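> Fold the following, please.
(one chain, ligands or ions: 1)
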Amino acid sequence: MVTDRRIPVLGVSLAAAGILLIALGAAFGSSPGSPSSQAGPWGFGPGGMMGFGAANVSSAADPGSSGFVAGTTSAPRVVRIIASNALRFYPDVVTVKAGETVTFEVTTMGMRSHEFMVGPASDVAADMAGTPEVADIAMMQTKSLTYTFNGPGPFAFACHATGHYEAGMRGTITALP
Ligand SMILES: [Cu+2]
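Below you'll find the model as predicted:
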């Protein structure tokens with residue numbers, strides 16, 4: 001999906017992303033050693049330019065981690081997701097406990113706007129009308145979507161902005177009993 005138009009703005013986009021990453025790292029609170037801090041998740045390679053590899057976007061503890069508290073409708077567990085300019089979600093695998101309520105806070109990095117849909121995997125794959133979704137998440141904007149994981153799944157999430165799903169902009173959800 002690289003277009004001619006994108007090339008002149010790439011430098012600006014990277015610089016803006018770097019600034020946002022620094023801000024995100026501060027705002028979200030780093031927790032070194034959490035899975036999301038590993039392996040240069042931003043797509044710029046290990047160690048990344050401009051410190052991308054050290055960037056971290058922490059969410060509340062996952063099921064199976066110490067400190068995990070299952071989300072409820074009155075107190076959903078917050079899971080933060082980055083929607084990248086490279087048409088990927090970070091993280092792209094989210095673990096939930098069956099029955100819990102999760103608020104996804106989805107932030108767009110880069111200049112492309114994204115959508116975030118979550119629900120039964122078959123509905124998400126089909127972009128089925130009525131599947132919970134937030135749309136038009138613009139650069140550096142965050143939108144929230146709260147979802148209760150009733151049943152065993154499988155569940156998934158995806159962006160259905162034109163061409164994005166086909167390019168691989170999707171994620172899986174593991175629901176633990
Ligand atoms: Cu997208």
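> low-scoring pLDDT stretches of the chain, where are they?
For the chain, residues meeting the criterion pLDDT under 70 lie at 1-58.
> got the residues of it near the ion?
114, 159, 161, 164, 169 (Cβ under 5 Å from the ion). (Each C-beta comes from the backbone N, C-alpha and C, glycine too.)
> Just the ones of those in helices?
Using DSSP state H, no member of the residues of the chain next to the ion falls in helices.
> Now render the residues you listed as a markdown table, adding neighbour count.
Listed next are those as a markdown table, based on neighbours: other Cβ atoms under 10 Å:
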| residue | neighbour count |
| --- | --- |
| His114 | 29 |
| Cys159 | 28 |
| Ala161 | 18 |
| His164 | 20 |
| Met169 | 25 |
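> Can you tell me which of the residues you listed lies closest to Pro120?
Closest approach to Pro120 among the residues of the chain next to the ion (Cβ to Cβ): Cys159, at 16.8 Å.
> my guess is Met140 meets Met111, correct?
No. Between Met140 and Met111 there is no contact under Cβ atoms under 8 Å: 9.8 Å.
> re the thing from before, including distance to Arg77, could the residues of the chain next to the ion go into a markdown table?
Formatted as a markdown table, the residues of the chain next to the ion follow (distance: Cβ to Cβ, whole Å):
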| residue | distance to Arg77 |
| --- | --- |
| His114 | 22 |
| Cys159 | 22 |
| Ala161 | 26 |
| His164 | 26 |
| Met169 | 23 |
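> Cross those residues against strands and list the overlap.
His114 (DSSP state E).
> What is the nearest of the residues of the chain next to the ion to Val78?
His114 (18.6 Å).
> nearest residue to the closest one other than its sequence neighbours?
Ala83 (3.9 Å; Cβ to Cβ, 6 or more residues apart in numbering).
> same deal with His164?
Leu87 (5.2 Å).
> give me the number of residues near the one you found?
21 (other Cβ atoms under 10 Å).
> Run through the bridge partners of Thr95.
Thr174 (DSSP bridges).
> And the helices in this protein, which stretches?
Using DSSP H, helices in the chain cover 6-28, 121-126.
> hmm, back to that, ok, now which ones touch the residue nearest to His114?
89, 106-109, 114, 116, 137, 159, 169 (Cβ atoms under 8 Å, 6 or more residues apart in numbering).
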